[in-house]
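> A predicted structure for the sequence below; I have some questions about it.
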Amino acid sequence: MSKIQLAVLFGSRSCEREVSIISAIQLMNNVDTAKYDVIPVYIDEQNVWYTGAPLREVKSFVPFDPNARGVERVTLDLTAGSGALTAIRPGQGLFHRTEEKLVARIDCVIIVMHGLNGEDGTLQGLLELANLPYSSTGVAGSAIGMDKIMMKQFFRGADLPVLPGVWFTRARWETAREEVLKETEEALGYPVFVKPACLGSSIGVSRADDRESLIEAFELAFEYDRRVLVEKGLDHPMELNCSVLGYDGDVKASPIEMPVTSEDMLDFYGKYLRGGGKSSGMANLTRIVPAPIPDEMRDELQKMSCEIFRMLDCKGVVRIDYMYDKASDRCYITEINTIPGSLAFYLWEEAGMKYSALIDRMVDCARKAHADRNARNYAFTSDILKAVRLGTKGSKGSKGGKL
């Protein structure tokens with residue numbers, strides 16, 4: 001039986017590119033090589049695609065050299081079902097004309113990207129046009145999951161518990177700063193957390209306890225996005241995370257973790273760099289698993305996480321983050337990560353699933369979803385083209401029916 005040609009896509013034009021590299025290399029180092037041939041595909045800041053064995057090592061990215069030995073620029077053929085990665089190589093013969101050569105032919109894709117241009121539905125749309133199986137949530141669910149403002153409105157519309165919040169655009173901040181500050185203070189009071197709408201890994205997020213720090217928080221957040229979400233802050237909340245794995249009706253939740261931090265907010269440093277600077281992604285974070293919460297709360301959060309997974313038609317592995325407020329004895333949804341850091345493998349290991357088995361399950365979900373997509377009827381035809389007779393000047397010359 002031939003091996004599955006498994007492309008691992010990572011990098012991209014995103015502030016979270018480095019986290020993506022770490023997560024992707026972790027995954028590639030845990031693939032069952034008896035089942036898969038791994039094809040690393042790195043997308044750089046200019047959206048140029050590369051492949052090659054050196055891309056499986058962190059040292060190849062500090063800094064990244066596109067001309068390094070063994071690294072080759074490639075292009076994905078978007079012809080439906082082709083899966084071809086091609087490269088332009090020098091030709092043979094007298095005139096040495098360049099030739100397009102097949103480098104690999106992809107059977108399935110695991111997307112290991114965090115943030116814009118990868119986790120937000122853009123790459124998912126590209127892969128659907130190419131008719132390739134891919135591991136992550138689809139276009140719509142990925143887009144909602146990336147945008148914190150839309151996500152909060154979606155959860156609120158589904159009658160799920162979310163913290164009070166307001167949002168603003170950069171244009172309004174620049175033209176009506178006093179109104180924005182007053183509206184925030186009247187709606188939420190202090191403290192608040194200010195977040196770029198479409199960014200993860202806590203980049204650009206800060207806490208504000210007064211007007212001066214609120215202004216600084218807005219200025220920082222608007223550096224990263226033109227839309228910003230402001231949420232009511234809680235006093236010393238307990239952070240709780242739950243991963244969900246599956247597709248369609250076959251969905252299950254992981255054990256729940258409690259990240260451990262002495263700060264008011266789990267920031268980028270706490271997630272990825274604490275511990276001597278040798279980051280192993282989210283797996284590096286200090287955590288308690290299972291979280292020290294009552295069984296009833298555990299069951300409620302696992303059930304809610306599976307419901308959210310189904311509502312957004314997710315597939316593969318996601319992680320949903322919560323805040324527990326001791327004062328009100330309530331849990332609030334913070335966000336869904338449709339491609340979580342380190343693919344949340346550490347939570348599934350706690351459930352007794354090796355990372356290699358998690359990868360198998362992600363590939364299985366990708367292929368089942370792909371089969372379902374191709375089972376749609378795309379062959380509907382009608383007489384509409386026969387009914388409309390167009391002249392040589394297009395619709396202006398039409399002598400037939402109108403559309």
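Here it is on my side, so go on.
> In which helix or strand does Tyr378 reside?
Per DSSP states H and E, Tyr378 falls between elements, in no helix or strand.
> For Pro255, see how far away the nearest residue to Asp364 once chain neighbours are set aside is.
With CB to CB, 6 or more residues apart in numbering as the criterion, Asp364 has its nearest non-adjacent residue at 7.9 Å, and that residue is Tyr247. From N, CA and C alone the C-beta is placed, and that goes for glycine too. Counting by CB to CB, to the nearest Å, the gap from Tyr247 to Pro255 is 20 Å.
> What about the closest residue in space to His114 that isn't next to it in sequence, how many residues nearby?
Once flanking residues are discounted, His114 sits nearest to Glu16: 3.9 Å by CB to CB, 6+ apart. The number of residues packed near Glu16 is 24, by other CB atoms under 10 Å.
> Glu77 and Arg226: what is the separation?
In this structure residue 77 is Asp, not Glu. Distance of Asp77 to Arg226, given as CB to CB: 34 Å.
> related to what we said a few turns ago, who's more crowded, Tyr247 and Pro255?
The neighbour comparison of Tyr247 against Pro255 (other CB under 10 Å) goes to Tyr247, with 22 against 18.
> residues in contact with the more buried one?
Counting by CB atoms under 8 Å, 6 or more residues apart in numbering, Tyr247 makes contact with Lys315, Gly316, Asp364, Cys365, Lys368, Ala369.
> For the third one, pull up the helix or strand it's in.
Secondary structure assignment for Asp364, by DSSP H and E: helix 355-374.
> Domain parsing of this protein, as residue ranges.
The chain resolves into domains spanning 4-134, 165-232, 236-371 when parsed by automatic domain parsing.
> distance between the first one and the chain's centre?
For domain 4-134, the distance between its averaged C-alpha position and the chain's averaged C-alpha position is 17 Å (CA atoms, centre = their mean, to the nearest Å).
> before we move on, what about the last one?
Averaging C-alpha positions (CA atoms, centre = their mean) puts domain 236-371 13 Å from its chain's average.
> How about stretch 206-226?
24 Å.
> Could you do stretch 144-161 as well?
16 Å.
> hang on, the earlier thing: as TSV, the domains of the chain with mean pLDDT and distance to Met150 would be great.
Shown next, in TSV, are these (pLDDT from 0 to 100; distance: least, CB to CB, whole Å):
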stretch	mean pLDDT	distance to Met150
domain 4-134	94	11
domain 165-232	95	8
domain 236-371	88	11
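> okay, these in CSV with distance to Met151 next?
Conversion of the domains of the chain to CSV gives the following (distance: least, CB to CB, whole Å):
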stretch, distance to Met151
domain 4-134, 11
domain 165-232, 9
domain 236-371, 6
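> Can you tell me the element Ala187 falls in?
In the assignment (DSSP H and E), Ala187 maps to helix 177-188.
> mind listing the helices in the stretch 101-250 of the chain by residue range?
Using DSSP state H, counting those that start in this stretch, the helices of the stretch 101-250 of the chain run over residues 122-129, 139-146, 148-157, 170-175, 177-188, 211-224.
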